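Asks: output the structure for:
(chains A and B)
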Protein chains: 2
Amino acid sequence: MILEAVMLSAKLDLEDDFEAAFQQASNIIASSDGYLSHELHKCIEVKGKYLLLVKWETLENHRIDFRSSTQYQEWQKLLHHFYEPFPIVEHFKEISLS
Amino acid sequence: MILEAVMLSAKLDLEDDFEAAFQQASNIIASSDGYLSHELHKCIEVKGKYLLLVKWETLENHRIDFRSSTQYQEWQKLLHHFYEPFPIVEHFKEISLS
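Replies: A predicted model of the protein is given here:
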């Protein structure tokens, strides 16, 4: 399992529009190969900031399968114009805690 | 439920020591009032980078109960000297997705 984690900054005063678009976009990512789950969290301290967490079976499921899909073009159209600055996406492996 | 999320940067070449200390520190946070769960994830793209996610019942459980506890002093002693730069902790509320 790979965790995709990205801090998103929505343009000022577009938070409601972004959240509405994200509801639509959720169906797109959820139908992608290797998708396991996703969560969107809204920051308490910083206006317009969100944390998106997506669990994928493998890194390739996100980097290759999702990003080269026609669904990703739809995802981009719905969401990318809300971001300022454009976000940096990173991937993580969970550390097993005893 | 509140999600505490923080990107941690361990000093270069101290990743193994940090991870070992974190195993010890895990027991400390897990016994704190209002603690629900926590996960530590290691970044694939950036050496020494980690994402810590902690779920708390309320914001106060983290900000007040944990940070003013004697356990927090132990947590600090175990972990804080590994960080460079010192991390910024933020809190998030989950957005319900349909």
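Asks: which bits of chain A sit near chain B?
Replies: Within reach of chain B by CB under 8 Å from any CB of the partner chain, chain A has these residues: A:2-3, A:5, A:19, A:22-23, A:26, A:38-46, A:49-51, A:53, A:59, A:90-95, A:97-98. C-beta: built from backbone N, CA, C; applies to glycine.
Asks: got a list of contacts for the top helix by length along chain A?
Replies: With secondary structure taken from DSSP state H, chain A has its longest helix at helix A:15-30. Applying CB atoms under 8 Å, 6 or more residues apart in numbering or on different chains, the external contacts of helix A:15-30 come out as A:10-11, A:35, A:38, A:40, A:42, A:47-48, A:50, A:54, A:66, A:71-72, A:74-75, A:78-79, A:82, B:95, B:97-98.
Asks: run through the bridge partners of the residue nearest the centre of chain A.
Replies: The centroid of chain A falls nearest to residue A:52 when counting by CA atoms, centre = their mean (4.7 Å). For residue A:52, the beta-bridge partners under DSSP bridges are residue A:6, residue A:40.
Asks: next, count neighbours for residue A:26.
Replies: 17 (other CB atoms under 10 Å in any protein chain shown).
Asks: tell me which residues in the longest helix of chain A are buried?
Replies: A:15, A:18, A:19, A:21, A:22, A:25, A:26, A:28, A:29 (16 or more other CB atoms under 10 Å in any protein chain shown).
Asks: nearest to residue B:86, of those residues?
Replies: Using CB to CB, residue A:15 comes nearest to residue B:86 of those, at 28.6 Å.
Asks: endpoints of stretch A:4-13, how far apart?
Replies: Using CA to CA, to the nearest Å, one end of stretch A:4-13 lies 26 Å from the other.
Asks: and for that stretch, what's in contact with it?
Replies: A:18, A:47-56, A:62, A:82-85, A:87-92, B:41, B:51.
Asks: narrow those residues to just the buried residues.
Replies: A:18, A:48-56, A:62, A:82-83, A:89-92, B:41, B:51.
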